[in-house]
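Asker: give me a model of this one.
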Amino acid sequence: MDEFGADPPDRDSYRTPTLAIQFQPHPGLLTQTREFVRSFCGTFVRDPDAVYRLTIAAHELLENSIKYSSDGTTNMTIECHTGERKSRISIRAENRATPERVRAVRDAIETLRDADDPFQLYCDLIKASVDRNAHSGLGLARICVEAACALDYRVTGDQLAIFAETYVDHGGLE
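Answerer: Residues are numbered from 1 along each chain as shown. Just a heads-up that it's a prediction; the model follows:
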């Protein structure tokens, strides 16, 4: 088993359909991009619930990129690693970020990892976000809880990459 609680797919059997987007996102493009991502994932994943979860994760990562990119440019990559029993779906959003934003992402992801009950933390964040306009971490919690994805991040200079990964049973993929 791997860190995500699933047997990793056999690496020799990977077929890796990949969608990579580099653009300067605008809130008006979010819906169209979300539909494009849904269509891409739906090509490989038969389970509509899994497609919905992947679309949520991509949407939240894109929305964060739109709000918090320091130069307005975002790179998003979605990969479908197909193995014999399970397939790993990886979504990465990367953009330039301020040190404050990097700290906020680090704190939010580490809080989610350390939570005894991520669902309760998510509920608490929903309640707290009503009264605050600052970075709530709600989108990242939504990826973790509603989209059932594990989160990670990497910082290289001023580049912040956020990763969301989940496993889908082989029966859910074509």
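
Asker: quick check: which element contains residue 167?
Answerer: strand 159-169 (DSSP states H and E).

Asker: in that strand, what's buried?
Answerer: By 16 or more other C-beta atoms under 10 Å, the buried positions in strand 159-169 come out as 160-168. Using the backbone N, CA and C atoms, a C-beta is placed for each residue, glycine as well.

Asker: helices or strands next to it in the packing?
Answerer: helix 48-68, strand 86-96, helix 99-114, strand 150-156 (3 or more C-beta pairs under 8 Å, 6 or more residues apart in numbering; DSSP states H and E).

Asker: mean pLDDT and mean neighbour count added to the ones you listed, as CSV?
Answerer: What follows is these, written out as CSV (pLDDT from 0 to 100; neighbours: other C-beta atoms under 10 Å):
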stretch, mean pLDDT, mean neighbour count
helix 48-68, 88, 21
strand 86-96, 89, 22
helix 99-114, 89, 15
strand 150-156, 94, 15
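
Asker: can you put these in a markdown table and add distance to residue 24?
Answerer: Formatted as a markdown table, the helices and strands packed on strand 159-169 follow (distance: least, C-beta to C-beta, whole Å):
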| stretch | distance to residue 24 |
| --- | --- |
| helix 48-68 | 9 |
| strand 86-96 | 10 |
| helix 99-114 | 17 |
| strand 150-156 | 20 |
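
Asker: of the ones you listed, which is nearest residue 42?
Answerer: Minimum separation from residue 42 across the helices and strands packed on strand 159-169 (C-beta to C-beta) falls at helix 48-68, 4.9 Å.

Asker: list the buried residues of the helix or strand following that closest one.
Answerer: Sequence-wise, the next helix or strand downstream of helix 48-68 (DSSP H and E) is strand 74-82. Residues 74, 76-82 are the ones in strand 74-82 that count as buried (16+ other C-beta under 10 Å).
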